[in-house]
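sequence and predicted model, in that order:
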Number of protein chains: 2
Amino acid sequence: MKPDEFRRIVRKGEWTKETADACWGYGQANLIALPKEYAYEFLLLSHFNPRPLPVLDVTEPGDPHPRRVTRDADLGTDLPKYRVFVEGKIVAEPTDVSEYWRDDLVAFVIGCSWGFVWAIKDANVKYRSLGDYTTKIKLSPSGRLRGYMVCSCRAFPSSEDAVRAIQITSRHRAFHGPPVHIGDPKLIGVERIGEPDAFIPPWPTPPPEPYEIVAFWGCGITAQNVVMESKIPYAISHYPGHMLVLDKRVEEMALF
Amino acid sequence: MKPDEFRRIVRKGEWTKETADACWGYGQANLIALPKEYAYEFLLLSHFNPRPLPVLDVTEPGDPHPRRVTRDADLGTDLPKYRVFVEGKIVAEPTDVSEYWRDDLVAFVIGCSWGFVWAIKDANVKYRSLGDYTTKIKLSPSGRLRGYMVCSCRAFPSSEDAVRAIQITSRHRAFHGPPVHIGDPKLIGVERIGEPDAFIPPWPTPPPEPYEIVAFWGCGITAQNVVMESKIPYAISHYPGHMLVLDKRVEEMALF
């Protein structure tokens, strides 16, 4: 299915679940919309924390149309599920945020690792996804904004698979690039691997076997951690796992 | 010579010429300082025009110390020569801008292709530098900011040299990355190749021979074109060719 067709189905409210398998080969993205008075600080935060926050598009205040990465997407309706934050707290989790959108909101579209997942699968790299974790990796702060990096986690059955995944994801900086950590999850503050806290995927995530190599990639849910830690007065984000599907191919956005 | 030692010499006013051969293997950078009310628009401009404007550091308003890329540099004194702009026009070209610095200036430190030149030379790639040209490539605009891309130009004696240079510079996105154009200079509006207008280097630049392959890279002087085209009320930049030398190694900032 093509992305614009998929987004029309989402817009009608006929798809409200995860987008993991939607539109093979097309980019997927996180959403974070903030009052314009936070836009510069957030753009600077993303610039100096590019692994979790690779910005693909930024809209004008009040404009919900990310035209650099989609033809006609409306950010208020075209994601399957959202979160609305007030003073850093979740106040609603609707499937449409048209009525929550404000004229002062600047929307940031941020690459999602489900973009590079197609590339890893296409290369026949074996892995299993262990969901998303809030780590103790502190972001480089920006003005009033601070927080911790959320990471997606994957376990590889062999060194060959892990190294190949690092090589492949390095090309896809628009979708988080190479991993930020390999090995012992405790070293980045993840005490209970196999029990993801930031996004619990709809598949089992048993902890790694001793032979498996565990790797962590920056995740766009980091922006939601920043909203909460920095107590930003108002924000709208996607609901974890319920992404915007882009009209751009993942390969179109790769480095080489 | 180490960068901090070199910057001390510059600070004393004992080096006022080009920095092309200063501190082999260390990064070099453009400077553009703008009133803070232009900072967000400029950061967005650089985000969507990363080839000419790869931002390496951004300071707080009034702060001349780019701490992410240098230990102790003072942007008011540590570049050999500067330009001061008022309403988009050059009003002074001093060797020290301490007295021109203002409390509302946000400084952007932008990678210079003299960073990747070490990498090309180290790989024994043959080329000659033809200086910097104002092209007709329009930037993706941002708010009140618009302009044309300035490019550095190099001529290669063989396909092998040209392809190797493209491969090597692709790793160095902090220093403009791969070329934006290869081949006929007229296709990007450069009518008189061999007669650079944006930076005339202190070495001869005869036009290419028919066998030479000509390639253009984004150049940080683009920011000065934006200041002029957009008539920004006040700005301070480096004088072309007279760069800030960073404490970071070029390889330290490479992609892989």
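Yep, that arrived. As the structure is a computational prediction, the values presented were derived from the model and not from experiment.

for the helix or strand harbouring A:S46, which outside residues touch it?
Per DSSP states H and E, A:S46 falls inside helix A:39-48. With contacts defined as C-beta atoms under 8 Å, 6 or more residues apart in numbering or on different chains, helix A:39-48 is touched by A:32, A:34, A:53-55, A:58, A:61, A:106, A:108, A:110, A:139-145, A:223, A:226, B:39-40, B:43-44, B:47, B:55, B:58, B:68. For every residue, glycine as well, the C-beta is placed using N, CA and C.

buried subset of those?
Neighbour counting with 16 or more other C-beta atoms under 10 Å in any protein chain shown marks A:32, A:34, A:53-55, A:58, A:106, A:108, A:110, A:139, A:141-142, A:145, A:223, A:226, B:39-40, B:43-44, B:47, B:55, B:58 as buried within the contacts of helix A:39-48.

show the contacting residues for the closest residue to A:E60 other than its chain neighbours.
In this structure, A:E60 finds its nearest non-sequential neighbour in A:V106, 7.4 Å apart by C-beta to C-beta, 6 or more residues apart in numbering or on different chains. With contact taken as C-beta under 8 Å, 6+ apart, A:V106 is in contact with A:33-36, A:38-39, A:42, A:58-61.

tell me the bridge partners for A:V106.
Counting by DSSP bridges, A:V106 forms beta bridges with A:L34.

check it and give its pLDDT.
For A:V106, the pLDDT comes out at 98.

same deal with A:P202?
The predicted local confidence for A:P202 is 91.

surely it is in contact with A:S129?
No: assessed by C-beta atoms under 8 Å, A:P202 is found out of contact with A:S129, at 10.8 Å.

between the two, who's got more neighbours?
Comparing A:P202 with A:S129 by neighbour count (other C-beta atoms under 10 Å in any protein chain shown), the higher total belongs to A:S129, at 18 against 9.

give me the three-state assignment for the more buried one.
strand (DSSP: H, G, I helix; E, B strand; the rest coil).

quick one: contacts for it?
So A:S129 contacts A:117, A:152-154, A:201, A:203, A:205 (C-beta under 8 Å, 6+ apart).

so of the residues you listed, which ones are in strands?
Mapping those onto strands (DSSP state E) picks out A:152-154.

of the residues you listed, closest to B:V190?
Distance to B:V190 across the ones in strands among the contacts of A:S129 (C-beta to C-beta) is lowest for A:S152, with 44.9 Å.

look up how far A:L145 lies from the closest one.
Distance, A:S152 to A:L145, using C-beta to C-beta, to the nearest Å: 22 Å.

equivalent analysis for A:C23, please.
32 Å.

and if you look at A:I188?
21 Å.

who in the stretch 101-250 of chain A is up against chain B?
Residues of the stretch 101-250 of chain A lying near chain B by C-beta under 8 Å from any C-beta of the partner chain: A:S170.

pick out the residue in the stretch 101-250 of chain A sitting closest to chain B.
A:S170 (5.9 Å; C-beta to the nearest C-beta).

okay, that residue: pLDDT?
A:S170 is given a pLDDT of 97.

contact partners for the residue lying closest to it once chain neighbours are set aside?
Excluding its sequence neighbours, the residue lying closest to A:S170 (C-beta to C-beta, 6+ apart) is A:P178, at 4.5 Å. By C-beta under 8 Å, 6+ apart, the residues touching A:P178 are A:166, A:169-170, A:217.

select only the buried ones of those in PyMOL?
Buried residues among those (16+ other C-beta under 10 Å), as a PyMOL selection:
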select buried, chain A and resi 166+169+170+217
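
now, the contacts of A:P178 that are in strands?
A:W217.

JSON lines for the contacts of A:P178, including distance to A:R8?
Below are these laid out as JSON lines (distance: C-beta to C-beta, whole Å):
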{"residue": "A:I166", "distance to A:R8": "37"}
{"residue": "A:T169", "distance to A:R8": "31"}
{"residue": "A:S170", "distance to A:R8": "34"}
{"residue": "A:W217", "distance to A:R8": "30"}
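
quick check: the farthest pair among the contacts of A:P178?
A:S170 and A:W217 (11.0 Å).

what sits in contact with each of the two?
Contacts common to A:S170 and A:W217, judged by C-beta under 8 Å, 6+ apart, are A:177-178.

which parts of the stretch 51-200 of chain A are strands?
A:55-58, A:82-86, A:89-92, A:105-111, A:128-138, A:148-156, A:181-182 (DSSP state E, counting those that start in this stretch).

need the ones you listed in JSON lines with distance to A:E99, can you?
Listed next are those as JSON lines, based on distance: least, C-beta to C-beta, whole Å:
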{"stretch": "strand A:55-58", "distance to A:E99": "23"}
{"stretch": "strand A:82-86", "distance to A:E99": "10"}
{"stretch": "strand A:89-92", "distance to A:E99": "10"}
{"stretch": "strand A:105-111", "distance to A:E99": "13"}
{"stretch": "strand A:128-138", "distance to A:E99": "28"}
{"stretch": "strand A:148-156", "distance to A:E99": "28"}
{"stretch": "strand A:181-182", "distance to A:E99": "40"}
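
figure out which of these is closest to B:K248.
strand A:128-138 (21.2 Å).

okay, the angle between the closest one and strand A:148-156?
Counting by axes from the mean of the first three to the mean of the last three C-alpha atoms, to 10 degrees, strand A:128-138 lies at 150 degrees to strand A:148-156.

tell me the buried residues in strand A:128-138?
Those would be A:129-135, A:137, for strand A:128-138 by 16+ other C-beta under 10 Å.

may I see those residues arranged in a markdown table, with pLDDT as well?
Formatted as a markdown table, the buried residues of strand A:128-138 follow (pLDDT from 0 to 100):
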| residue | pLDDT |
| --- | --- |
| A:S129 | 97 |
| A:L130 | 97 |
| A:G131 | 97 |
| A:D132 | 98 |
| A:Y133 | 98 |
| A:T134 | 98 |
| A:T135 | 98 |
| A:I137 | 98 |
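
please name the residues that touch A:F256.
A:F256 neighbours (C-beta under 8 Å, 6+ apart): A:171, B:170.

right, I mislabeled it, should have said A:S237
Here A:S237 is in contact with A:30-33, A:82-83, A:85, A:223-224, A:227 (C-beta under 8 Å, 6+ apart).

hmm, try it at 6 Å
Contact analysis of A:S237 by C-beta atoms under 6 Å, 6 or more residues apart in numbering or on different chains lists A:31-32, A:83, A:224.

ok, those residues vs chain B, which is closest?
Using C-beta to the nearest C-beta, these come closest to chain B at A:I32, 15.2 Å.

which SS state does that closest one fall under?
A:I32 is classified as strand under three-state DSSP.

tell me which residue in chain A sits closest to chain B.
A:Y40 (3.9 Å).

how close does that residue sit to A:T222?
18 Å.

again, but for A:P178
Counting by C-beta to C-beta, the gap from A:P178 to A:T222 is 16 Å.

now swap in A:L244 and tell me
16 Å.

same question for A:G76.
23 Å.

so which of the two has more stuff around it?
A:T222 (30 against 21).

list the contacts for the more buried one?
A:52, A:149-150.

so which of these wins on neighbours?
That'd be A:P52 among the contacts of A:T222, by other C-beta under 10 Å, with 30 neighbours.
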